[in-house]
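K.L.:
The following block contains a protein sequence and its predicted model.
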Amino acid sequence: MAEERVIIHVDMDAFFAAIEQRDNPPLRGRPVVVGADPQGGKGRGVVSTCSYEAREYGIHSAQPISRAYRLCPDAVFLPVDGEKYGRESRRIRHIFREFTPQVQPISIDEAFLDVTGSLRLFGGKRALARKLQRRIEQETHLTASLGVAPCKLVAKIASDLEKPRGLVIVEPEEIEAFLRPLPVKVLPGVGPRMRQSLARLGIRTIAHLADYPRESLRERFGDHGENLWSKAHGIDESPVATGGEAKSIGHEHTFGTDTDNWPEVRATLMWLCEKTARRLRKAEKRGFTVTTKIRFEDFTTLTRQQTLEFPVREATEIYAAAVRNLQEGYEAGRKLRLIGVTVSGLIGAREWKPKGRQSSLFEHAPAEASDDIHRRIARAEDAVKDRFGEDALRRGASYSPQRRAENKREEP
Ligand code: TTP
Ligand code: MG
């Protein structure tokens with residue numbers, strides 16, 4: 001099983017307004033509103049943000065500036081200085097990188113950090129988070145709030161709970177207890193409309209949502225309902241996406257109905273391997289490690305991986321490893337809900353020079369020749385799929401869930 005991750009969500013406090021207060025000491029402790037010109041209450045446009053002092057008057061982001069003016073005419077109204085705030089944003093991002101290379105900025109004043117690999121160096125998560133918070137303050141004279149948790153979803157919710165200057169740490173075993181009392185609106189994907197729909201079902205807190213039958217949510221709201229149910233249970237495996245070069249390439253599929261039909265599972269796996277292979281070819285990459293992810297009907301999830309002697313790229317090579325992983329992780333009698341395949345340990349396809357022997361899959365042909373033939377077939381397929389879509393071509397054993405009805409053939 002994968003090791004427990006430690007994710008930090010950092011969100012600066014009253015970002016634009018705090019910068020203005022820092023740079024203009026008489027503004028400190030006063031209501032400050034950054035946004036459109038209020039023009040004595042006749043101004044159009046909205047509030048970008050405001051200081052915590054201004055929030056006590058009921059002023060908030062995205063509110064019409066005329067309304068903010070009525071709520072507190074004595075506030076200091078300032079225009080947005082995008083260039084200045086951008087500079088501060090970049091300074092903060094530099095600080096993040098002192099703590100980990102795994103940084104995903106998500107807005108001008110917010111980012112996710114995966115600090116799993118840095119914990120030892122900084123003496124654990126609490127010490128690391130405190131140090132990060134202090135570094136930001138010393139370097140920028142601005143304050144930040146942090147949420148620390150095993151996944152992005154919970155870290156983001158946590159950072160918001162004790163603003164300003166908050167630090168909320170949620171341990172893995174505390175996730176459900178942490179989430180249950182909160183209102184559903186803290187979950188990403190629950191806007192005002194969804195909130196109303198849920199309220200009509202008597203769902204107001206995350207506990208209500210978590211205890212609601214998953215199938216009923218699915219029937220009512222489709223995938224979105226089911227995703228919300230997962231979130232209510234604190235299930236979120238999304239990685240901190242560092243941007244730039246992909247570190248892995250892969251695909252996963254949730255079965256329409258949980259299944260233990262082996263031919264269907266294998267065919268789906270082949271289909272995922274083909275999609276993955278296609279992306280590897282596009283990116284001109286090969287990868288040494290093939291990981292298969294399996295989620296059972298009760299949502300327990302496991303991954304099995306193997307690192308190969310040579311970096312793979314073709315669907316059949318990926319499949320050979322992926323199906324071995326699947327056989328290792330699969331437990332008879334349990335239905336599968338989702339499978340996925342990922343190729344990681346990527347190198348440029350041109351960086352890899354085959355040394356004589358290659359994939360044992362193709363021993364009937366000289367390695368070089370077989371690789372070349374497969375590559376040419378694959379390229380031809382890519383060209384067709386680029387023009388006519390992912391489902392335009394399927395190999396003999398492959399399987400497309402959308403066409404389940406017409407594809408009843410057993411795998412050889
Ligand atoms: P937020 O982090 O949402 O707000 P904030 O940092 O001002 O306050 P908080 O302490 O609650 O985090 O957004 C960051 C900046 O983005 C904010 O300072 C101004 C800008 N912004 C807008 O311009 N318009 C908006 O509607 C929002 C929400 C933010
Ligand atoms: Mg903020």
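P.N.:
Arrived safely, thanks for sending. Bear in mind the structure is a predicted one, so any value in this text is a computation, not a measurement. Ligands and ions are numbered 1, 2, ... in the order given.
K.L.:
How much space separates R204 from ligand 1?
P.N.:
23 Å (CB to the nearest ligand atom, to the nearest Å). Bear in mind the C-beta positions are built from the backbone N, C-alpha and C, glycine included.
K.L.:
and that residue, what does it touch?
P.N.:
By CB atoms under 8 Å, 6 or more residues apart in numbering, the contact set of R204 is 183-184, 198.
K.L.:
Please tell me which one of those residues counts the most neighbours.
P.N.:
Within the contacts of R204, most neighbours by other CB atoms under 10 Å means L198, with 24 neighbours.
K.L.:
what's near enough to touch that residue?
P.N.:
Neighbouring residues of L198 by CB under 8 Å, 6+ apart: 184, 190, 204, 208-209.
K.L.:
distance of the residue nearest in space to the middle of the chain from I339?
P.N.:
Taking CA atoms, centre = their mean, the centroid of the chain lies closest to S238, which sits 3.4 Å from it. As judged by CB to CB, to the nearest Å, S238 and I339 stand 18 Å apart.
K.L.:
can you list the residues of this structure near ligand 1?
P.N.:
With CB under 6 Å from any ligand atom as the criterion, the chain meets ligand 1 at residues 11-16, 48-49, 61-62, 108-110, 163-164.
K.L.:
Would you mind checking those for buried ones?
P.N.:
Among these, those scoring as buried are 11-16, 48-49, 108-110, 163 (criterion: 16 or more other CB atoms under 10 Å).
K.L.:
Closest residue of the stretch 301-412 of the chain to ligand 2?
P.N.:
Residue of the stretch 301-412 of the chain nearest ligand 2, by CB to the ion: T301 (32.2 Å).
K.L.:
ok, now which ones touch that residue?
P.N.:
Contacts of T301 (CB under 8 Å, 6+ apart): 237, 293-295, 338.
K.L.:
Which ones among the residues you listed lie within helices?
P.N.:
With DSSP state H as the criterion, helices contain none of these.
K.L.:
Only whichever of these are buried, select them in ChimeraX.
P.N.:
Remark: buried members of those, expressed as a ChimeraX selection using 16+ other CB under 10 Å:
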select :293,294,295,338
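K.L.:
Show me the two of the contacts of T301 that sit farthest apart.
P.N.:
By the measure CB to CB, E237 and I294 form the most distant pair in these, at 12.9 Å.
K.L.:
ok, the closest residue to the residue nearest to the centre of the chain other than its chain neighbours to E110 distance?
P.N.:
Among residues not flanking S238 along the chain, K152 sits closest, at 5.7 Å (CB to CB, 6 or more residues apart in numbering). K152 is 11 Å from E110, where distance means CB to CB.
K.L.:
Just the pLDDT for I108.
P.N.:
I108 carries a pLDDT value of 86.
K.L.:
I'd say it and I19 touch.
P.N.:
No: I108 lies out of contact with I19 (CB atoms under 8 Å); the separation is 10.8 Å.
K.L.:
that's a helix at R126, yeah?
P.N.:
Yes: assessed by DSSP: H, G, I helix; E, B strand; the rest coil, R126 belongs to a helix.
K.L.:
what sits against it?
P.N.:
So R126 contacts 148, 169 (CB under 8 Å, 6+ apart).
K.L.:
quick one: pLDDT of it?
P.N.:
Looking at R126, its pLDDT reads 98.
K.L.:
Low-confidence ranges, the chain, go.
P.N.:
Along the chain, the parts satisfying pLDDT under 70 run over 1-3, 243-246, 351-377, 379-412.
K.L.:
Outline the domain layout of it.
P.N.:
1-173, 180-232, 248-392 (automatic domain parsing).
K.L.:
what about the second one, start to end distance?
P.N.:
One end of domain 180-232 to the other measures 8 Å (CA to CA, to the nearest Å).
K.L.:
Over to stretch 188-203?
P.N.:
16 Å.
K.L.:
Next: stretch 253-272.
P.N.:
Using CA to CA, the end-to-end distance of stretch 253-272 comes to 8 Å.
K.L.:
Off-centre distance for that stretch?
P.N.:
Relative to its chain's centre, stretch 253-272 lies at 24 Å (CA atoms, centre = their mean, to the nearest Å).
K.L.:
show me where this protein has helices.
P.N.:
Counting by DSSP H, the chain has helices at residues 15-23, 52-55, 65-71, 82-99, 119-122, 125-140, 152-159, 175-179, 192-200, 206-211, 214-232, 262-283, 315-329, 367-388.
K.L.:
Most tightly packed of those?
P.N.:
helix 152-159 (a mean of 24; mean count of other CB atoms under 10 Å).
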